[in-house]
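**Student:** Quick one, fold the following:
(2 chains, ligands or ions: 1)
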Amino acid sequence: MKSKFVFFSIIILLLFSNKILADDKALAGADFEYGQHLSGECVTCHNSTGLGQGIPKITGMKTAVFIKKILAYKTKEKDNAVMQMVADRLGEVEINSLALYLSKTK
Amino acid sequence: MAKITRRTFVGVMAASTTALSMPSIAFGALPRVVVIGGGAGGATAAKYIAKDSKGAVDVTLVEASKRYYTCFFSNLYLGDFRNYGSIGHNYYGLAVNHGVNMVHEWASSVNSAEKKVYLGSGATVSYDKLVISPGIDLKFNSVNGYSPEAQSIMPHAWKSGTQVQLLKNQVKGMKKGGTFVMVPPPNPYRCPPGPYERISMIAHQFKKTNPTAKIVVLDPKNKFSKQGLFMEGWQKHYPGMIEWISADTHGGIKKINTSTMEFETDLDTFKADAASVIPAQQAGRIAMNAGVNKGDWCPIVPASMQSQADENIYVLGDASIAKSMPKSGFSANSQAKVAANHIRGSLTGSKVFAPRFANTCWSLVATNDGIKVGANYDAKPDKINKTSGFISKTGEDSNLRKATYEESIGWYSGITSDMFS
Ligand SMILES: Cc1cc2nc3c(=O)[nH]c(=O)nc-3n(C[C@H](O)[C@H](O)[C@H](O)COP(=O)(O)OP(=O)(O)OC[C@H]3O[C@@H](n4cnc5c(N)ncnc54)[C@H](O)[C@@H]3O)c2cc1C
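**Tutor:** Model (predicted):
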């Protein structure tokens, strides 16, 4: 019983620390305040109350999900003229800052 | 050594307190921002300054109306894609969620030397920084025969509200097989694709209820925004209904007569059963009163949206000369965020980030046939500079056009929530 508990704890810790490491690496240069400022550009279209139709909600999005999507627009792998243009001028620091900020909003 | 007069003494005092802290704070009060105009530019600016300063700046929004009817999507109301109620918004959210002081009055003048705004009631509001986003005023006499009285016969509907309702009634009530004449404005004007989206939505309305009706467009220009896309859509959805006549072809509108409903041009005299005339435009009057205009519009400093004439006044939206950005709600919203960040920085010392501007304008041509044009901009010393852009293509797949329309619905919900909640 006890060994089982320890085993699970270790697994959970490993998963957790992996995630932290992954996030830390991905979020190089991230600045919450900058992310908040930049998000002003997003909420002209992405309803900040999350009730939008025709345009998905981005608040509360996990950092990895956000980064993956933005990069897909940046490389034009994902189609949408507006989003490709938005992604085009976001550098790594901007993307990471936005990811950080959006992940912390509801 | 210069003689120290009382005046220079006060000046020196003010300068030294600024170095230590902010002037208003030195006198025990919060720094004050007054915003004139609660539209796309002004509502956004008031909200962002109040929200991001978290109570460190006192924000007062002076807006004449208690309800703001958006011009954007007013064309969709003409085409029955929206109801009138859905394009009206109130200011409770700004007051309740962000602590913006709402003053529903007309700002009648600005004394920039004393940093005061005079209201219609005779009251005054003082400011440290003033934001002016009054939208447009119409130059009625730019079309010979048009006037403020004529707007109830041939509505411009270029300011939203009752004008748009009047236009819709006239479109719906026009006699069967009649002719609707439309006069778009000359450049520069608010919403470059707007008149052509309006033509599309009127055609859509006629197709349903008055299919033999005709629309004649007497344009003072020889080309217009998204022309290829609109022309393609008109041919596809409303074949034979719309006749667009360029300035070079009709040779100019010499005179319009609101009692006979005639439009005199070099080419011909056109008789209308119903009409919409959109005259030339200029910055809202209060901008002229504040002395921040140069001719019809207001020059700004691209990096901050400050007036070139007065560093304590910011001019946003349609009233500003923000070239290369078009005059649109999206542009005004984007400019407001740049100004809000700069104002907060100068009043509270918060971080000022590099300005970034963007715009996208969606238009609806017919059911599920949306098109769009957009661009990114940065600030150069002499202008807001376009860095990249896109436009829908002719012959696009109908699924993409439908998705573009749905995206515009999302944008409307996004921007109005960004402005008002
Ligand atoms: C038919 C049509 C369709 C459009 N479609 C789109 C679109 O799809 N997308 C888009 O982005 N843009 C669109 N626009 C353009 C958009 O509406 C304007 O560009 C935008 O509203 C400009 O914002 P603003 O803050 O400059 O002015 P406004 O939004 O007009 O706000 C000005 C406000 O100031 C108030 N005001 C003025 N003077 C005073 C005073 N002295 N005292 C107190 N209050 C005052 C007015 O009551 C008003 O509420 C469209 C316009 C039209 C006409």
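**Student:** care to break chain B down by domain?
**Tutor:** By the assignment in automatic domain parsing, chain B contains the domains B:6-135+B:284-350, B:144-279.
**Student:** Would you mind putting the ones you listed into CSV with mean pLDDT, mean neighbour count and distance to the ligand alongside?
**Tutor:** Placement of C-beta: from N, CA and C, glycine included. Putting the domains of chain B into CSV (pLDDT from 0 to 100; neighbours: other C-beta atoms under 10 Å in any protein chain shown; distance: least, C-beta to the nearest ligand atom, whole Å) gives the following:
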stretch, mean pLDDT, mean neighbour count, distance to the ligand
domain B:6-135+B:284-350, 90, 20, 2
domain B:144-279, 98, 18, 3
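**Student:** need those in a markdown table with distance to B:Tyr377, can you?
**Tutor:** As requested, the domains of chain B are exported to a markdown table (distance: least, C-beta to C-beta, whole Å):
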| stretch | distance to B:Tyr377 |
| --- | --- |
| domain B:6-135+B:284-350 | 6 |
| domain B:144-279 | 15 |
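**Student:** Out of the ones you listed, which gets nearest to chain A?
**Tutor:** With C-beta to the nearest C-beta as the measure, domain B:6-135+B:284-350 is the member of the domains of chain B nearest chain A (4.3 Å).
**Student:** Run the chain-centre distance for the closest one.
**Tutor:** Centroid separation for domain B:6-135+B:284-350 versus its chain: 14 Å, with C-alpha atoms, centre = their mean, to the nearest Å.
**Student:** From A:Glu92, how far off is A:Lys69?
**Tutor:** 15 Å (C-beta to C-beta, to the nearest Å).
**Student:** Ok, B:Thr360 next?
**Tutor:** Taken as C-beta to C-beta, the span from B:Thr360 to A:Glu92 is 24 Å.
**Student:** out of these two, which sits in the more crowded spot?
**Tutor:** B:Thr360 (24 against 13; other C-beta atoms under 10 Å in any protein chain shown).
**Student:** Give me the spatial nearest neighbour of the more buried one, chain neighbours excluded.
**Tutor:** Distance criterion C-beta to C-beta, 6 or more residues apart in numbering or on different chains; nearest residue to B:Thr360, sequence neighbours excluded, is B:Gly374 at 3.3 Å.
**Student:** just checking, that neighbour touches B:Asn359?
**Tutor:** Yes: the criterion here is C-beta atoms under 8 Å, and B:Gly374 meets it with B:Asn359 at 6.0 Å.
**Student:** between those two, which one's more packed in?
**Tutor:** The neighbour count for B:Gly374 versus B:Asn359, taken as other C-beta under 10 Å, is higher for B:Asn359 (26 against 19).
**Student:** Distance check, that one against A:Leu102.
**Tutor:** Taking C-beta to C-beta, one finds B:Asn359 at 22 Å from A:Leu102.
**Student:** List the contacts of residue 86.
**Tutor:** The chain I'm using is chain A. Going by C-beta atoms under 8 Å, 6 or more residues apart in numbering or on different chains, A:Val86 touches A:41-42, A:73, B:358, B:376.
**Student:** actually chain B
**Tutor:** Taking C-beta under 8 Å, 6+ apart, one finds B:73, B:77 in contact with B:Ser86.
**Student:** Not counting sequence-adjacent ones, nearest residue to B:Gly161?
**Tutor:** Nearest to B:Gly161 is B:Tyr69, by C-beta to C-beta, 6+ apart, at 4.7 Å.
**Student:** Let's see the pLDDT reported for A:Phe5.
**Tutor:** pLDDT for A:Phe5: 53.
**Student:** Grab the nearest non-local neighbour of B:Phe81.
**Tutor:** Nearest to B:Phe81 is B:Leu364, by C-beta to C-beta, 6+ apart, at 6.7 Å.
**Student:** My reading is that the one you found is in a strand; is that accurate?
**Tutor:** Yes: if the criterion is DSSP: H, G, I helix; E, B strand; the rest coil, then B:Leu364 is within a strand.
**Student:** who does it bridge with?
**Tutor:** B:Gly370 (DSSP bridges).
**Student:** Does B:Gly317 touch B:Val131 like I think?
**Tutor:** No: B:Gly317 is beyond contact range of B:Val131, at 9.9 Å (criterion: C-beta under 8 Å).
**Student:** which neighbours do these two share?
**Tutor:** B:41-42, B:336.
**Student:** looking at the domains of chain B, which is closest to B:Glu396?
**Tutor:** With C-beta to C-beta as the criterion, B:Glu396 lies closest to domain B:144-279 of these, at 8.8 Å.
**Student:** now for that closest one, what's the gap between its first and last residues?
**Tutor:** Across domain B:144-279, the terminal residues are separated by 10 Å (C-alpha to C-alpha, to the nearest Å).
**Student:** what about it, distance to the chain center?
**Tutor:** For domain B:144-279 - counting by C-alpha atoms, centre = their mean - the centre lies 20 Å from the chain centre.
**Student:** thinking again about what came up before, counting neighbours, which of the contacts of A:Val86 comes out on top?
**Tutor:** B:Ala358 (24 neighbours).
**Student:** residues in contact with that one?
**Tutor:** A:41, A:44, A:85-86, B:330, B:334, B:374-377.
**Student:** cool, and B:Lys208?
**Tutor:** B:Lys208 neighbours (C-beta under 8 Å, 6+ apart): B:Asp80.
**Student:** With B:Pro155 instead?
**Tutor:** B:163-164, B:166-167, B:170, B:276.
**Student:** before we move on, what SS does B:Asn333 have?
**Tutor:** Reduced to three states by three-state DSSP, B:Asn333 is helix.
**Student:** Over to the residue lying closest to it once chain neighbours are set aside. Which of the three states is it?
**Tutor:** Spatial nearest neighbour of B:Asn333, excluding adjacent residues (C-beta to C-beta, 6+ apart): B:Thr44 at 4.8 Å. Classification of B:Thr44 using three-state DSSP returns helix.
**Student:** how close does B:Thr44 sit to B:Ile384?
**Tutor:** Taken as C-beta to C-beta, the span from B:Thr44 to B:Ile384 is 17 Å.
**Student:** Likewise for B:Val352?
**Tutor:** Taken as C-beta to C-beta, the span from B:Val352 to B:Ile384 is 17 Å.
**Student:** picking that back up, just say helix, strand or coil for the residue nearest to B:Thr360.
**Tutor:** Taken by three-state DSSP, the conformation at B:Gly374 corresponds to strand.
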